[in-house]
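**Student:** What follows is a protein structure lacking sequence information:
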């Protein structure tokens, strides 16, 4: 069974997703019961019932997957944030150099738990290619990563104890 590392926020979000899915499943089952009583349970007599039954099956599978993820979730304590080496919960200023000769740039990245990534806000999952490559690095360390855009060298500039501290330096 796989292990999914999550932060406190990620664990709460996963629990909320399960609750929401349970509510949707209950609504779907109520709708299915009404459709059944309207004209029988065979697909010849009631194609709407058949569609609801298929939708119910999909929701049950999705809910099962979420529950398995929750069962395999391992809570990572991210308070206080690690500031010596990159770990789950770390906020790192990274300098990126593209092998293709593009300009260098920098990125402020937070390594987050399973299912918590949002690249548009700088939140990358620990199990993403970049996240895996950064784990364990200390300020000044660098690592080359193969990406769809080519080879990129990431260097850790600094690690921060909070987003506020990281933004102060921008």
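**Tutor:** That came in fine, so what should we check first? None of these values were measured; they are calculated from a predicted model.
**Student:** Just the buried positions in stretch 162-169, please.
**Tutor:** By neighbour count on 16 or more other CB atoms under 10 Å, the buried set for stretch 162-169 is residue 166. Every residue, glycine included, has its C-beta placed from N, CA and C.
**Student:** now the helices: where do they sit in this protein?
**Tutor:** For the chain, applying DSSP state H gives helices covering 8-39, 47-71, 129-134, 163-168.
**Student:** Out of those, which one sits most buried?
**Tutor:** helix 129-134 (a mean of 18; mean count of other CB atoms under 10 Å).
**Student:** that older thread, residue 141: which of the helices of the chain is closest?
**Tutor:** The closest of the helices of the chain to residue 141 is helix 129-134. By CB to CB, the value is 9.1 Å.
**Student:** what's that closest one packed up against?
**Tutor:** Counting contacts by 3 or more CB pairs under 8 Å, 6 or more residues apart in numbering; DSSP states H and E, helix 129-134 packs against strand 105-112, strand 123-125, strand 142-147, strand 150-160.
**Student:** Name the residues that touch stretch 70-88?
**Tutor:** 1-8, 10-11, 14-15, 18, 89-92, 111-114, 126, 134-138, 156, 159-162 (CB atoms under 8 Å, 6 or more residues apart in numbering).
**Student:** Tell me the buried residues in it?
**Tutor:** For stretch 70-88, by 16+ other CB under 10 Å, it's 73, 76, 78, 81, 82, 83, 85, 86, 87, 88.
**Student:** how much distance is there from it to the middle of the chain?
**Tutor:** 14 Å (CA atoms, centre = their mean, to the nearest Å).
**Student:** can you list the domains in the chain?
**Tutor:** 4-75, 91-168 (automatic domain parsing).
**Student:** Serialize the ones you listed to JSON lines and add fields for mean pLDDT.
**Tutor:** Shown next, in JSON lines, are the domains of the chain (pLDDT from 0 to 100):
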{"stretch": "domain 4-75", "mean pLDDT": "89"}
{"stretch": "domain 91-168", "mean pLDDT": "91"}
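**Student:** excluding its backbone neighbours, what's nearest residue 166?
**Tutor:** Nearest residue to residue 166, sequence neighbours excluded (CB to CB, 6 or more residues apart in numbering): residue 160, at 4.0 Å.
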